[in-house]
Each structure stands twice: as C-alpha cells, then as structure tokens.
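Student: just the structure for this:
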Amino acid sequence: MWNCHMAKNSLIRPHIIGDGDDCNTTRPVRKRDKILGFLCLSNYKPKDSKNKTSSQAVNAQVSPKATGVHSVVSQSCSFDNTISLAPVSSADKPLPTLSTEATGISGVFTEDVPKPAIRTELPGLQDRIEVTQQLLYCNRLIIDGQLMFLSAGSAAKRPSDVPAIEEASATTDTQESDNNGLQEQKVDEAERNWIKAIGLNPIQQEHLRWLVAKVVEEFVKDDLKGSAAIAEVVILGPVLERDIYRSLLSCFIAKFEQDTILDVVLLQGIVQLIEGASPGYLEDDDLVRTLAVLRQRLQGTHKPPSEHVFQLTIAVSRLLDVMVNSKVKDVNSSDDHQPLIASLMELKDNADPILKFQVEYALQASQYIPDDESTLQAVLRFAGGFTMAALEGASVCKLDPANFFSSLKTLRQAAGHAHEATKSILEGMGASPIGRFGAMKSLLHGIRKGNKHEWYLTLLAAKTFVREGQLADFSQVVCEAFCRDERAFQIGVCQILGEIAMGLLWDLLTRQHAVDFLSALFRNAVGWKQHVDVKEWILIILTQLSDSQDASLKEYSTAVLQDLKQGYVTTASTTAISYSLKSRLPLPESSPLLTRVQKIPYLEYDLHKLRLQRLEESRQRIYIPPMAKPSLQAPDDSSFPLMDKVQEFLASSREVMLILGDSGAGKSAFNLELEHTLWMNYKRRGPIPLYINLPTINDPAHDLIKKQLHYRNFSDKQIQEMTLHREFVLICDGYDESQLKINLHSTNQFNRAGQRKVQVIVSCRSQYLGQNYRSRFQSQPFDRNQFTSQNFLEEAVITPFSKQQIEDYVSRFIPLEPRPWVKEEYIRMLTTIPNLMDLVKNPFLLTLALETLPAITEGKKDLSAIRIARVQLYDAFVVHWLRVNKRRLENNALTVHDRDVFDQLLDAGFISMGIDYSMKLALAIFDKQDGAPVIQYNHLRDKNSWKVEFFDANPVVRLLLESLPLTRSGNHFQFLHRSMLEYFFSRVIYSPAQLDEEFDPHVETPSPSSATLFDQDNPLFRRDLVSESSIILFLCDRVNLNSDFRQQLCSVIERSKTGPIAAIASTNASFITAATNAITILVRAGVSFNSADLRGIKIPGADLSGGQFDSAQFQGADLVGANLAGAWLRQANLSQAQLEGVKFEELPYLEVNALVKACAYSPDGRTLALAAGLFAGWLEVYDTSTWARIYQIRAGLMQITSIAFSFDGQYI
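Tutor: Residues are numbered from 1 along each chain as shown. Below you'll find the predicted structure:
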C-alpha cells in the first residue's frame, strides 16, 4: 500500500475506506478493473447495470470541483485525422454521452464465457493419443494442474519450467504475469478428475511431454515443412518447455529468412508461435530479428497492394502488440524502427479503408514500443508517483482499482503540463534521462505531439478481455470508451467480432452473438457514431461468415446479411472482400507429425505401462508380511521382518540374495509384494524391478533379462538400451520348480565390467537344496582374486506364521466374501482341533483350512476328536472348489449345447470328473515336462501335442478347465500352487475312493483296487520320488490314514528282495525304483522297521534318515547311496550289504588311547601319520580307506612334536 500525497488541485481523489475502491476493501482486485481503470472507464458494475448511460460513468471520473488545467479527449469524426490526446479545457468540448432511448449493443454480451481453448475428448491414462489437438489439451491440463497446485499454495509466480497455457495472442496478461500473478484456470469436473488422475502418474505426464518434444523434433528435421505440419506444430507452442520452444522458434525464423517466396501459412505460424510464448521464453533478439525480416518482406511486397501486403501488415501489427507488452531492448531506431515506419507510411494513404486501418494500427503499435519496460508498467508507475527506490520493490505493480482508475487522468494531467514541469516531476521521482521512465517520457512526448492515440490502447485492452473470455467486459469497453466514435477504433472492434464469429474455439451461441453485435453496430447502435467505411467492413465480414463451412453459422450470418442489405447500397471494393479474417492458422485437420512420432517406441512410457500392469497383477487379496531368520540352522526366535532385510540388501552393494522356505511358506507371495513395492516406489530412470517366474522361462541360464523383457513385449532396441544403461532388480521365483542346478548370476554374466548393476533375489524351497548349495547362488567376481563383500551371498529363511500372524490373516480373510463364522469362531476351531494350529503355520495350508473348516466340522460336536492331516485339507479344498464352480455353472446362462454337456458332467459326477482331469493333467506334467509346473499352450502350434487333451476347445474340456484350481496368464497355465500339482500327482500314485458331495476327515476309504499299485505304469515304479519331498509328505499322510496303503508299500519292498519271488523283479529296474520310493514313504511316515527282515532288499538311494532299524536284518541288501543320517541302527546286521556312498551324516573318527601331539596326511591322502604319548611316545600310520593301522613305531622317551611326509609320500 502506498500513500498518495495530493496537491490542492490534483485530480486524484482520496477515496473513502469501504467505498469499494479502497485498497483495503475485501473485494479482490480484478484484472478487468485495472485495465478499465487505466482506460478511464467506469468501475465494475453488475451485469444487469450494463444499460445505464455511459455519461454517468464518464462524468464520475472527473471531479466537478477541479479547477486546475487538465486534459480531456478531443474527438474527431475524420478517419484520416484520428484522435489525439492534447491539453484542452473541459469547456471546449463536452464528453460524449449515450442516448437513453435505445438498448443498443450493451445487451448482446451480458455474461462472460470460458476463455477459448482447444478441447477434445479426454483420453484414458493408457489410451493412445489420436490427434495433436488432444495432445495439446492433455498437456494444457497438466499445466493447469500445476497452476492449481501453486494457487492453493499461495504461490506468487509461475515456475520457470511451467509453460503458459494460453492459445491466443500474448498480451498484457501473458507478458506481464509477474504483475498480475497466476490466474487459476477454470476446469470442469471431468477435467479436474483427469488432472487428479494424471497427477498420480508422473511417468504418464513424462510421456505426454515426450510426445510434444518429439513432434517438434520431427518438424525441425522435416525438409518440406508443409502447411499441415506447420499448423500441427504451432498449436503446441503454449505448452512447450523453454529449450524446445526456442529451438522451434529458431527453426521458423530461419525458414522464413531463407524462403524467397512468401509463405502465408509460415508467416501466420511464426507470429502465432511468438504470441503463444510463455513468460521468459522470448528474448529481445527474437522479436527484433523477426520484425526485421517482416519489414524487409513488406518493403519488397507493398506495391501494388495485395493479399500478401494485408497479411504482412497484420503480422507486423500482431508482432508489435507483443513487443508493446514486453520489456524489449535493443530496438535500433535507425536500423529497425524508422525503416518500418517509412514502409508503413507508404501504405497509409491507400484508398482501401481496411488495409489503411491495418497500417494505422501497426503505426500506432510501433509508437508504443518501449525502451526498457512495457508501456503499461510505465503508466502504472508514473500514475502511482513511485520513487526510483520504491520501484525496486517486487509488489509495486499490484495496485488497487482506485489507484489504477486514476492512472490515465494523471497521464493526461502530466501531458497538459509544460515540458519543464514534467521534467521536474520525473526528476523529483528519481528518474534519470535514460532510466526506467524512458517509456513514460516517450509516451508523454507522443501524447503532446499527437502521435500516440488512445484507441490503440483501448483495442489492446478489448483483445485482452476477449482472449480471457470476458465478453461482458469487452462490451463495456466498446460501449463506454472515450474513443468509441473514432473510425479506427470501430473498424478494430468489428475485426475482433469477426474473428470471434469465425473462430472455431468459441461455442456456436457466442459466435452468433458476435454476428448480433455486428448487426447492432450496423443499425446505428446507441453511442456509436456511424461511418460508411465501418458499415462496409461489417458487410464484408458478414459476407465471409455467410460462406462459412459451419452450416449453422452460415445460415445465421446469411439471414442477418440479407436483412442488413435491404435498402442499403454498398460501395465496398472487390479487393477488400478478399481480405480474410483468418489471420490465424486453422486447426490442423490431420496429425502427420504425431503419426510419425507414435511409431517411435518410448521406453519410459512402455515401462510405465508395465508398471501399471504389474501393480494390478501383483495385488494380493491377503498379504501378511513374513518373518525370516538368517539361516536354516538358526532358531525361529531369531527372526526379523523379511521386507526390511531385502530393502537393506537392495541398498547395499551385494549382488545376490537367497530366500528359502518350505512349500507354501509364502515365498511367491512375498516376491509379488516386493515387486509391488518396488514398482510403487519406482522413479524415472531408476532400477527396473522384474518379477521372473523361472518355470516360464526357456533356459533361464542364459539371456534371462532379455527373455523376460521379450515376454513383456519390449523391442530388441529397447532391451539393448535398458541392458546398457539401466539397473535391474531381478526377483527370480521358483528356482526349485525349474529343477535348476546352475548359478544364474554366473551363467548370465551379470555385473561384468562395463555393465550396469543387477541385483538378483532368488527364492527356493528349503528341501530342494543339499548341504553345499551356496555355490549355486553366490556371485562370482570377474577376477577370482578380487573377491569382495559384494560377492557375499545374503540369505534369509522364511519362518512359520506366529499366532499373531495367523490371527491377522484370519482378520483379513473374513471380509473378502460372506463367511459362515466370525473371527473368534475360526480361531476357536484352529486352536481346538488337535495339531491344527501347528499345521496352519504354513500360509497356504492356513488358506485351505479357513476355506474348508466349516465343511469339515459340520455336525461334529467333539472337536478334540477330529484329526486333520495335511492331505485332508487338500482333499476338502478341492471338493469345495469344484462344488463352488459347479454351482456357478448351474446358475450361469449357458448355451443349449453347453447346458447339455454340463448335464452330462453332472450325471457322470462333476466333482469326480474334475479330480480325474486334474490327476491326468498332473501326471502329464511330470511325464512330459519333468514336473515343470507351467504349461504353455498354443492352439495352432500344439494341435498335435499331448496338450490338446487338456486344453482343446472341446466343450467338456472347456467347462472342466474353467472349474479347476488352475490359473492362466496369456497362454500359460498352471495350478494355483505347486503343492496343488504335487497333491494331484500323489493321488495318481494312491487315491482314496472319490469324494463327491460329502467329506469326513475320520474316514479314508481304500482305493478300489489294491492291484493298481503294482501296475508298472504307476509313477511309483517309473519316477524317483526321493527328491520330491512334498509328494512324499502327501503319501505319508495316506499311509497314516489308510493301513491298506501301508501294506501295499510293504509288499512292494518285499518284492524287491532277491530270491524266488523276485526272480522277475530283480531284472526289472522299475521294481527297484518302486521299493526305494516305498521304503522312503514308510520311513518318513514314521513306520518302524525294528527287527524287520530286510535281507536282500534293493533300495539304492532310499532316504532312511531318522528311521527306526534297531536289530533289523540288512544282510545282502543294496543300500548304495542310501541316506541313513540319524537312523537308529543299534544291533542292525549290515553284513554283506552294499554300502557304497551311504550317507550317515557323521564324519569317521579314529580313537587313540593317548594324547596326540602331531599328525599329517600323505600328499595323496591315503595315509595318516600321528604321534601320540605324554612322556614316552610312538608313531602310528593308518590307511584312510579302512582306518586300519599299518605301522607303529615306538619312540621311547623321545617326544615327537611335528610330522611331515616327503614329496612322494615314501618317507616320514
């Protein structure tokens, strides 16, 4: 706020606080009020008061008590002698007044409308941008969102990287945004929702900006630069970033300078591009250079007058408008300014009134070009009476309306003073002759000489209001301006109205109102002095509008034109009619540049699409953060949050982390959650997370990243760019399911010299790995002598669920769908049924239990008597799953044929058919794919393969396939969980009677025929199951539930014995395989073999660890490679048994009866020498193959303290 010290006769009136004009009023200052005040028009009035007489508003601006010399507007009706601002007495010429008789033109535009802007259908966030207008619209909304955010944060200035969003000419609002501050854009609800959605997707924003940049790049390298390309690229000007904008502008200017023939489209394009520049984008040299080339073209084109002269003159005027409102420097008077004025003066006396107006407008604009600041700024500062020191303040431009209203009157008053008095005023304010008031001094000088006219500034203000959609304010300017009777002003207003009517960015009603406005002006509007040239110009405009391609506007304009022509004789020249109102480029009808750009793959955008896809696919219904321990040997109570450990690993320089866990422990669930977390936190050009389901990759030992990216539809070029320049986090799931034995890090040569960083996270079942598994995962340095901490293997083992985790899971399970029980009831069942709580510490088994417990416990009163094994949870779950899908199909609207097929399935037993199908599929997966769980099926490629039986379009297959516990991703099929595949495979080996609608956990019905177990086609005979721990566990449960199955397995073992019964079997390896599998199952099931007759059995490679074999008879048995770790073998007879490679998990030892002082192995490791004895010692040598002593030498009283072998091992 500044204080105005007034002289006695000052025309600046002190205003009363609260009168609406006070700077402290609560009503915000409007840009409209500032400009109207500058033009000395009436203050803001309600829209319903537009019809009040203009004299009231005009007279209110001048105090009747003022006695000093002041200026008023001198009026002239002559077009050739346009109005000048000169000091005259108020009594010499009265101010113009409006008649109160007619309504006039003030009733046409009574309301403001949305500012004209290109709008299209809003695309979805993943939709393809179809046309360049849509690309412009989207980028403009992104900027609107930034401005809305800044406005909400009370930001005072536009950031340098936020381009302007206006489509129309750059005028006071765009070029002086520092003065007016950021204006929040008006957006509708759909636009606001789109802005909110795009605000959450920075990658999508980046893609839209990338498209804009690429369109410009495509234009710059286009040698032809045709009219379609020019129209397409120019509309993007307001949303370009600064460097891209300046590159495009430089290209336009260079093209215009090089062309020898005037290209009107290029001419309009370059001016439109300059008008749409964001604040700070233009440099003085851009405008001066462009003005110079336009002047040169004008000098070479102006005789005789033509369409080119008309377009060049309009282009010069529009360019000068930009310069008037910019802080232009380095405008050389002799080289630039004067030659331009000379060229324009040659055209001033042209007989064509329309061309003459364009020339006069350009001349006026050239007079207002400032030296070091904009004309508007100079007027405001001078009117405020600021000192030079005050001008340094950042807020001096923000004046309240009353101060702004007085600015033009102060200007007139200053113009009325003598030259010396004005000089004294400026010096008192601290202005040097070449200081900041250069523009002000130039303006005052021009007013005194009559070279600068108010109608130019008024038209400039009118254009500003129109550009902002403030048509009511535009109407007020036209009605109440002091210069409204002047011919130049009227022609300019008509041209503005014609452009509104012609502009496709305005709605039809607004365009028709513009026609109405023209009609009203033609019909002797109130307060509007009539000029023949103006009437002729209106008819020319309406003639052009009646030829519009818009049928509605054409019909409307034609009717108005015919009505006005009645009784009126036109004198318009034919050349004037040829002048087009389309001084701006039409909207592009095609998007050739965008079409070419759309063919360029945008890596970050494709990554963004992958991110959204994976965020959706990796979302899990229930996820409980797992705990883990540092190693398999560590106790469970040493656990830590697994996610924290993995994030710590990712922040380190280490390269490989191994995550272990039992089947169903939640390894895959964690991996998906990790991927989800990494994608959620993904930053542009950051590490790329890739979840890789290893069983789906063919030969993952090589080109693992490339194969996964190909699967995600990236091109070879994109893959090359990513592998060379991007970092990766590989989440490799299912190492065990792929039956891998190799080091993925080494075989894929990750992190070699010159490569970007790759961190690998591998998950695997604990049971799949042997003792020395670390070498399969540990990263190997390129130089083995440079082993560093980054090569260390990070390891974590998922621990079973705690009670709290189980309760959390139940809490999240219940709301997913209607449940028969509440949380407390589920927890009661889990804790009451014996051993069930221990069983469901496995997350997958917990899921099965929660799904099936209501059916299992239905009708059971004594829960403590219920015994539930792991396999029974799977039995119940499968029945439950198929039952639910059967009901779904019953309720679905099937075709007649599908309904007949479904009825046949019901007759055959839908649930039993589904189980049979699943068992056959599981068997095929193990037989044909060696247990690899993922089946890739293509109807054409695999039409003759084994897969057709399970995935053909046959209705029976299709209905069953839709009902099974299978998942599908593209053409990949697999069971819900690998354990589900192993469960069905175990049922192929032994399956109880088919369970249909009822399930009783107490009863295990024997298989219909025991003989089928001895069918050599049974997998028990054909496949080594010792390493398939999960299948073994399922069969163990069957053993404990069904004694018949136990007896059958014992029979299989018996048949492997040597002797008459096994005469045939001994020659058949399948019986040996079956016996090995059978005894492994029985031992794991806890069956005791104490004192058992196992003489001559053939069970090579069997897992007998922990088995009970006290006093067992193993004479002559084939135990080659068997695992007897922890087995009970007290008094067991192993004579003549084959024990090569037997694993006892205990190292051999040598018991010595004296203190050992020294020992040494021979170079070949076949012998061991040791010295023993406390006082009198001896030397002993042992054969390490049998640990038999082969030499003993007494050393007497000599003490032996060290031993060494000779190089050849012959001497000690």
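
Student: give me the mean pLDDT for the helix or strand containing residue 191.
Tutor: Per DSSP states H and E, residue 191 falls inside helix 189-199. Averaged across helix 189-199, pLDDT comes to 90.

Student: just the residues contacting it, thanks.
Tutor: Taking contacts as Cβ atoms under 8 Å, 6 or more residues apart in numbering, the residues outside helix 189-199 that touch it are 122, 125, 138, 141-142, 144-145, 148, 187, 204-205. Yep, even glycine has a C-beta here, placed from its N, CA and C like the rest.

Student: secondary structure class for residue 660?
Tutor: strand (DSSP: H, G, I helix; E, B strand; the rest coil).

Student: could you chop the protein up by domain?
Tutor: Here the chain is described, according to automatic domain parsing, as comprising the domains 120-326+328-359+583-598, 485-569, 603-799, 804-868, 873-989, 1008-1146, 1150-1212.

Student: and the end-to-end length of the fifth one?
Tutor: Read it as domain 873-989. Its start and end residues considered, domain 873-989 measures 18 Å (Cα to Cα, to the nearest Å).

Student: likewise the third one?
Tutor: Across domain 603-799, the terminal residues are separated by 39 Å (Cα to Cα).

Student: ditto for the shortest one
Tutor: Between the opening and closing residues of domain 1150-1212 lies a distance of 20 Å (Cα to Cα).

Student: chain center to that domain, what's the gap?
Tutor: Distance, stretch centre to chain centre, for domain 1150-1212: 73 Å (Cα atoms, centre = their mean, to the nearest Å).

Student: next: stretch 264-276.
Tutor: With Cα atoms, centre = their mean, you get 34 Å for stretch 264-276.

Student: could you do stretch 805-815 as well?
Tutor: In terms of Cα atoms, centre = their mean, the centre of stretch 805-815 is found 32 Å from the chain centre.

Student: tell me the mean pLDDT for that stretch?
Tutor: For stretch 805-815, the per-residue pLDDT averages 94.

Student: likewise for stretch 363-375?
Tutor: The average pLDDT for stretch 363-375 rounds to 69.

Student: over to stretch 116-123?
Tutor: Stretch 116-123 comes out at a mean pLDDT of 90.

Student: in that stretch, what's buried?
Tutor: Neighbour-count burial for stretch 116-123, counted by 16 or more other Cβ atoms under 10 Å, picks out 116-119, 122-123.

Student: same thing with stretch 729-746?
Tutor: Within stretch 729-746, the residues scored as buried using 16+ other Cβ under 10 Å are 729-738, 740, 743-746.

Student: name the helices or strands packed onto whatever helix or strand residue 347 lives in?
Tutor: Per DSSP H and E: residue 347 is located in helix 338-348. For helix 338-348, the packing partners by 3 or more Cβ pairs under 8 Å, 6 or more residues apart in numbering; DSSP states H and E come out as helix 284-299, helix 307-324, helix 353-367.

Student: nearest to residue 848, of the contacts of helix 189-199?
Tutor: Closest approach to residue 848 among those (Cβ to Cβ): residue 125, at 38.0 Å.

Student: give me the three-state assignment for the closest one.
Tutor: coil.

Student: next, count neighbours for it.
Tutor: If you count neighbours by other Cβ atoms under 10 Å, residue 125 ends up with 15.

Student: turn the domains of the chain into CSV, including distance to residue 479.
Tutor: Converted to CSV, the domains of the chain look like this (distance: least, Cβ to Cβ, whole Å):
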stretch, distance to residue 479
domain 120-326+328-359+583-598, 21
domain 485-569, 6
domain 603-799, 52
domain 804-868, 66
domain 873-989, 68
domain 1008-1146, 89
domain 1150-1212, 113
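
Student: closest one to residue 111 among those?
Tutor: Closest among the domains of the chain, using Cβ to Cβ: domain 485-569, at 10.0 Å.

Student: circling back: what subset of the contacts of helix 189-199 is buried?
Tutor: 122, 138, 141-142, 144-145, 148, 187, 204-205.

Student: hang on, the earlier thing: export the buried residues of stretch 116-123 to CSV and tack on distance to residue 224 and secondary structure?
Tutor: Output for these, formatted as CSV (distance: Cβ to Cβ, whole Å; DSSP: H, G, I helix; E, B strand; the rest coil):
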residue, distance to residue 224, secondary structure
116, 30, coil
117, 29, coil
118, 25, coil
119, 30, coil
122, 32, coil
123, 29, coil
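
Student: rewinding a little: out of the buried ones among the contacts of helix 189-199, flag the one nearest to residue 480.
Tutor: Once Cβ to Cβ is applied, the member of the buried ones among the contacts of helix 189-199 that ends up nearest residue 480 is residue 187, at 32.0 Å.

Student: re the thing from before, of the domains of the chain, which approaches residue 478 most closely?
Tutor: Smallest distance to residue 478 across these (Cβ to Cβ): 5.5 Å, for domain 485-569.

Student: distance between that closest one and the chain's centre?
Tutor: That offset, for domain 485-569, works out to 49 Å (Cα atoms, centre = their mean).
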